[in-house]
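Trainee: Here is a sequence together with a model predicted from it:
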Amino acid sequence: MFACIFIPDFPVQAIIRFEPELRVRSVAVLTGRPPLEKVVALNERARQTGVEIGATKPQLEAWENLVLRARSESQETSAHAALLDCAQSFSPEVEDTSPGTVLLNLAGLEPLLGPLPKITRDLAQRVSQMKLEANLAVAANPDAALLAARGFPGLTLIPEGREAERLGDLPVDVLLESFSSDAEETARWVETFDRWGIRKLRALAALPEVPVSERLGQQGLHLQKLARGAASRNLRVLEPRLIFAESVELEYPIVLLEPLAFLLNRMLEQVCARLRARALAAQELHLNLELAATHLNGCASFTQTPTQPPTRTRTQKFTRTLRLPAPMLDAKVFLKLLQLDLQAHPPGAPIVKIHLSADPARPRALQSGLFQPVFPEPEKLELTLARIAGIVGEGRVGSVELLDTHREGAFALRHFAPVEPASAEPQFKNKVKHEVNESGNRKKDKSMQENDSACQVGEKLEENAKETMSAVIALRLFRPPLGASVTLREAKPVRMRCLEREDIAGEIVWTAGPWRSSGDWSEQEGWSREEWDIAVPAESSCQLPVPSCQSNEREPTTGLVLYRLVQDKLSGIWFVEGTYD
């Protein structure tokens, strides 16, 4: 069995898909250059009011409540792509028949999706979720399903063997419009059948085959087979292309972000619906805005008087990309992220066209352990980081990454992306392997321990003595470093005073250094520094009695405080980087 999805008045529905409020109004779609625009598509409400295809724009002034829209190829492309996504979410064999028309093979889907009536209803519901109204027909061959979808509204299910009976009431025009794209050829066939008195497909199917072949040739026989629903062919299977994009061409430029967010919300919902139909999520979002034409000198121009000379204009492009930490599928989160990004980076000119695309990825599949702490959801965390970045500035929020350089304290902030926990299986294998090797060597080591016990005792005593005699010195860094004023004598620092802390000052009684280092000399932000280790005397906070003094008076004792003093050789600025314990 084969199913056909047909969107009647496709150019109109492609526009109504982005403007749902027009669904209850009369809409006509125009094409051509002013003032020669003509009607190319109508919805049923406009057709009932008397509007006809081919009417010019001046002729439409008599209809007050008629809504006119220019034909949009980008919106039709997006609507047709959404239709293909619906079909490919049900069947792997899909044929891209024409804009607004798709055929798919339903063979073998009943054990998975249920009986054919249920599959038909589910498919119609999926198309409705894409904001499209479709005619859907199921038949034993693709051409019969196509004729039924184009001729009957709503859902149509034709049992096998009853194709000629169900298709017999359709007019001949439906057959000719379905299988002929040449308007002149279609008009010639209509004239021929009209002279013969053939109005319905039942009359064409009842003609004898030999006279039809003599007068109309093989093409006439093929049309007769189609009218009987007896033609058989294979689908021209479409190779799937994972492109999820939506476009909107605006009649009037948008200046404020609020109406832009209103349109972005609709586009994001449509992109998410298409991704959900294919069981995918979005890894990256690409927003391309086409801005209003401006003069070459940068001044915007929307009108031009006849007396002004013609000026050259150019169209500006504005592009933003959101790289998500994990595949997501939440239109509200996407909208808030785009709003925060556009507030930080406004386009700077009125917007005339919007193009939104998403890079698909497999949804995140992660099962948390029973005894592991609960982590925040990446969707909420990404939104929180975007809000923080809007306050503190872009480039100041993210994950810290050390740079591959010898520069002290050099790091960069990269976009935060959670790392999935590594599997514990390799560690388990290594642990088991280690235990097996250890058990195998245990007997061998036991005999050696008895012979070397005397030597090990002596070595342990020597190591303990060295550890006791050695002193560990730790450098406590100041974050950020403290600015300092340094007096030099013979190119050595002799006195130091911290500009931010009064307790760090005094004569330098001991120095070690300098240690010079530099790097990135070929870059714009090169660095060169000179380090000194210095000792500055400091009074003790307590006063101890001195036994050698006859008066046994208390005298202040002094100690030394060790600092690291650094000079930036490019700027000549001194600062205290830290103190030694």
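Mentor: Happy to help now that I have it.
Trainee: Remind me which helix or strand the residue nearest to Pro99 when sequence neighbours are not counted belongs to.
Mentor: Leaving aside its sequence neighbours, Pro99 sits nearest to His80 (C-beta to C-beta, 6 or more residues apart in numbering; 5.3 Å). Heads up, the C-betas are built off the backbone N, CA and C, glycines and all. Element membership of His80 [criterion: DSSP states H and E] is helix 73-88.
Trainee: Please identify the buried residues of the strand or helix carrying Met496?
Mentor: Met496 is part of strand 492-498 when elements are defined by DSSP H and E. Across strand 492-498, burial judged by 16 or more other C-beta atoms under 10 Å covers 493, 496, 498.
Trainee: How about stretch 501-512?
Mentor: Neighbour-count burial for stretch 501-512 flags 504, 506, 508 (criterion: 16+ other C-beta under 10 Å).
Trainee: go on, stretch 71-90?
Mentor: Neighbour-count burial for stretch 71-90, counted by 16+ other C-beta under 10 Å, picks out 71-72, 74-90.
Trainee: which residues of the stretch 51-200 of the chain score low on pLDDT?
Mentor: Residues of the stretch 51-200 of the chain meeting the criterion pLDDT under 70: 180-182.
Trainee: returning to that earlier point: for the helix holding His80, name the packing helices and strands.
Mentor: For helix 73-88, the packing partners by 3 or more C-beta pairs under 8 Å, 6 or more residues apart in numbering; DSSP states H and E come out as strand 2-6, helix 10-16, strand 94-98, strand 101-105, helix 116-129, strand 244-254, helix 257-277.
Trainee: Give me the distance from that helix to the chain's centre.
Mentor: Distance of helix 73-88 from the chain centroid (C-alpha atoms, centre = their mean, to the nearest Å) equals 19 Å.
Trainee: and it with strand 244-254, angle?
Mentor: 150 degrees (axes from the mean of the first three to the mean of the last three C-alpha atoms, to 10 degrees).
Trainee: Just the CA trace of helix 73-88, in CSV.
Mentor: Output in CSV follows, covering the C-alpha atoms of helix 73-88 (Å, rounded to 0.1, in the frame of the first residue of the first chain):
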residue,chain,number,x,y,z
GLU,A,73,9.9,30.7,-2.4
SER,A,74,11.8,30.4,0.9
GLN,A,75,8.6,29.7,2.8
GLU,A,76,7.5,27.2,0.3
THR,A,77,10.9,25.4,0.5
SER,A,78,10.6,25.3,4.3
ALA,A,79,7.0,24.0,4.2
HIS,A,80,8.0,21.3,1.7
ALA,A,81,11.0,20.2,3.8
ALA,A,82,8.7,19.9,6.8
LEU,A,83,6.4,17.7,4.7
LEU,A,84,9.3,15.5,3.8
ASP,A,85,10.3,15.2,7.4
CYS,A,86,6.8,14.0,8.3
ALA,A,87,6.9,11.3,5.6
GLN,A,88,10.4,10.1,6.4
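Trainee: before we move on, back to that, list of residues touching the strand holding Met496?
Mentor: Strand 492-498 is contacted from outside by 482-488, 504-508, 511, 532, 534, 536, 563, 565, 574, 576, using C-beta atoms under 8 Å, 6 or more residues apart in numbering.
Trainee: And the next helix or strand past it?
Mentor: Downstream of strand 492-498, the first helix or strand assigned by DSSP H and E is strand 505-507.
Trainee: what pairs with whichever helix or strand comes after that following strand, and is each one parallel or antiparallel?
Mentor: Going down the chain from strand 505-507, the next helix or strand is strand 510-519, by DSSP H and E. Strand pairing for strand 510-519, determined by DSSP bridges: strand 527-545 (antiparallel).
Trainee: Can I have the buried ones of the contacts of strand 492-498 as a PyMOL selection?
Mentor: Per 16+ other C-beta under 10 Å, the buried members of the contacts of strand 492-498 correspond to this PyMOL selection:
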select buried, resi 482+484+486+504+506+508+532+534+536+563+565+574+576
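Trainee: quick one: contacts for the residue nearest to Pro99?
Mentor: When contacts are counted by C-beta under 8 Å, 6+ apart, His80 touches 10, 14, 99-100.
Trainee: Switch those over to a markdown table; also include distance to Arg364 and neighbour count.
Mentor: A markdown table is the format used below for the contacts of His80 (distance: C-beta to C-beta, whole Å; neighbours: other C-beta atoms under 10 Å):
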| residue | distance to Arg364 | neighbour count |
| --- | --- | --- |
| Phe10 | 36 | 20 |
| Ala14 | 33 | 28 |
| Pro99 | 35 | 16 |
| Gly100 | 35 | 20 |
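Trainee: Tell me the one of those residues nearest Leu204?
Mentor: Distance ranking of those against Leu204, using C-beta to C-beta, places Gly100 first at 25.4 Å.
Trainee: on that earlier part again, off-centre distance for the strand holding Met496?
Mentor: Per C-alpha atoms, centre = their mean, the centroid offset for strand 492-498 relative to its chain is 56 Å.
Trainee: still on that earlier bit, out of the buried residues of stretch 501-512, which is nearest to Ala205?
Mentor: Nearest to Ala205 among these, with distances taken as C-beta to C-beta, is Ile504, at 103.1 Å.
Trainee: per-residue pLDDT, Val29?
Mentor: pLDDT, Val29: 90.
Trainee: In what element of secondary structure is it found?
Mentor: Per DSSP H and E: strand 26-31 holds Val29.
Trainee: Just the element for Thr384, please.
Mentor: Following DSSP H and E, one finds Thr384 within helix 378-392.
Trainee: Glu246 and Ala28: what is the separation?
Mentor: 23 Å (C-beta to C-beta, to the nearest Å).
Trainee: quick one: Ala55 and Asp9, what's the gap?
Mentor: 15 Å.
Trainee: what about Arg362, how many neighbours?
Mentor: 10 (other C-beta atoms under 10 Å).
Trainee: Likewise for Gln13?
Mentor: A count of neighbours around Gln13, defined by other C-beta under 10 Å, yields 23.
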